[in-house]
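[1] Here is my input; please provide its structure:
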Amino acid sequence: MTQRRLNEAANEWSKKNRDASFLYAGVRLAAAREWAAAHADEINPPGANLSVPARRRVRLQRCQIVSARRRLAHVHGELARHPCPE
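    A predicted model of the protein is given here:
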């Protein structure tokens, strides 16, 4: 990961009207975070602008997973209490 690549990705994301599909995710996001932690003094606005929405997207996805798991647990509990007649 380099500042140049991060800036290029940020500029592409900006050109695409900040479409979430252009944000880093998974391994690319992890690599960008690791690089940013080690080079915090080198990050300039384009790169910084890209990382914040990517982190938000990851948090949102985690919240959605937790919410889905809770709903499934609730449904499972209801089914256990009120089994369908056969």
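[2] From here on, just use CA atoms for contacts and neighbour counts.
    OK.
[3] how near is H76 to V27?
    According to C-alpha to C-alpha, to the nearest Å, H76 stands 33 Å off from V27.
[4] cool, and E8?
    Distance from E8 to V27, by C-alpha to C-alpha: 17 Å.
[5] which of those two has more neighbours?
    The neighbour count for E8 versus V27, taken as other C-alpha atoms under 10 Å, is higher for E8 (14 against 9).
[6] now the helix or strand where the more buried one lies, how far from the chain's geometric center?
    E8 belongs to helix 3-15 when elements are defined using DSSP states H and E. Distance of helix 3-15 from the chain centroid (C-alpha atoms, centre = their mean, to the nearest Å) equals 17 Å.
[7] just checking, what packs against it?
    helix 45-81 (3 or more C-alpha pairs under 8 Å, 6 or more residues apart in numbering; DSSP states H and E).
[8] Point out the other helices and strands that the helix it packs on packs with.
    Partner elements for helix 45-81 (3+ C-alpha pairs under 8 Å, 6+ apart): helix 3-15, helix 26-38.
[9] one more time with 6 Å, if that's ok
    The contact analysis (3 or more C-alpha pairs under 6 Å, 6 or more residues apart in numbering; DSSP states H and E) places helix 45-81 against helix 3-15.
[10] in the helix it packs on, what's buried?
    Residues 3, 6-7, 9-13 are the ones in helix 3-15 that count as buried (16 or more other C-alpha atoms under 10 Å).
[11] which one of those is nearest F22?
    W13 (5.4 Å; C-alpha to C-alpha).
[12] Where does the prediction get shaky in the protein?
    Along the chain, the model assigns pLDDT under 70 to residues 1, 43-55, 86.
[13] Secondary structure element holding C84?
    Mapping C84 onto the secondary structure by DSSP H and E places it in no helix or strand at all.
[14] residue nearest the centroid of this structure?
    Nearest to the mean C-alpha position of the chain, by C-alpha atoms, centre = their mean, lies V58 at 2.2 Å.
[15] what's the nearest residue to it once chain neighbours are set aside sitting at in phi/psi?
    Nearest residue to V58, sequence neighbours excluded (C-alpha to C-alpha, 6 or more residues apart in numbering): A25, at 7.5 Å. Backbone torsions of A25, given as degrees, to the nearest 10, read phi -150, psi 160.
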